[in-house]
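Asker: using only what follows, build the 3D model:
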Amino acid sequence: MAGLAEMIGRDLEAAGVHATVESARSVQSIDGVDAVVLAGALYASRWHRDARRFAKRFATELRKRPVWVVSSGPLDDTAITKQFPPVRQDASVIDALHARGHVTFGGRLESGAKGFPASAMAKKLAGDWRDEEHVQRWTSSIVEELDRVGTAA
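Answerer: Presented below is the predicted three-dimensional model:
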């Protein structure tokens, strides 16, 4: 199965929205980008460093575009059944960028995860809790909003 960002990109493309998926670390410019979905994994209730750095590096430009923030992390099915409030770093990014929304999706942890604490967690929590239908429903809401503001193309 593809990564969460690829799932979101695929669903946007299927709805007729041009989407480019890149790691936050590798993005050099957001010129020509009409909207941004900024996704980051959660580790110990902290949002991934690359997502935080991306938000800070492009803050001025991001405030001029529709932005949505995504977290990925619970290693169970709770992200499907309840809405999680954003962790502190997500909340500050949402406020700073005037993001239009936030969602938390289930995470994934491979059984062969390396390093501590991932390898210790994998002994009990390995699995994939990303729900494709949950991602599709949420992505559809983005497409509807982009259609309303005229940025979907």
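
Asker: average model confidence for the helix of greatest length in the chain?
Answerer: Criterion DSSP state H: the longest helix present in the chain is helix 132-149. Taken as a whole, helix 132-149 has a mean pLDDT of 95.

Asker: and it, what does it pack against?
Answerer: helix 4-14, strand 101-105 (3 or more Cβ pairs under 8 Å, 6 or more residues apart in numbering; DSSP states H and E). Backbone N, C-alpha and C define where each C-beta goes, glycine included.

Asker: His102 contacts Asp90, correct?
Answerer: Yes: His102 is within contact range of Asp90, at 6.0 Å (criterion: Cβ atoms under 8 Å).

Asker: for the two, indicate the residue with more neighbours.
Answerer: Asp90 (25 against 19; other Cβ atoms under 10 Å).

Asker: buried sites along the helix or strand that one falls within?
Answerer: Remark: Asp90 resides in helix 88-97, with elements defined by DSSP states H and E. Of the residues in helix 88-97, Gln89, Asp90, Val93, Ile94, Leu97 count as buried by neighbour count, 16 or more other Cβ atoms under 10 Å.

Asker: would TSV of those with distance to Asp31 and pLDDT be doable?
Answerer: Formatted as TSV, the buried residues of helix 88-97 follow (distance: Cβ to Cβ, whole Å; pLDDT from 0 to 100):
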residue	distance to Asp31	pLDDT
Gln89	26	85
Asp90	25	86
Val93	21	93
Ile94	23	95
Leu97	17	96
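
Asker: which one of those is nearest Gly107?
Answerer: Checking these against Gly107 by Cβ to Cβ gives Asp90 as the nearest, at 14.3 Å.

Asker: against Ala55, how distant is that closest one?
Answerer: 10 Å (Cβ to Cβ, to the nearest Å).

Asker: other residues contacting the host helix or strand of Val37?
Answerer: For Val37, the host element (DSSP H and E) is strand 36-43. Defining contact as Cβ atoms under 8 Å, 6 or more residues apart in numbering, one finds that strand 36-43 is touched by 4-5, 8, 12, 24, 30, 47-48, 50-52, 54-55, 62, 65-74, 87, 90, 93, 99, 104, 107, 142.
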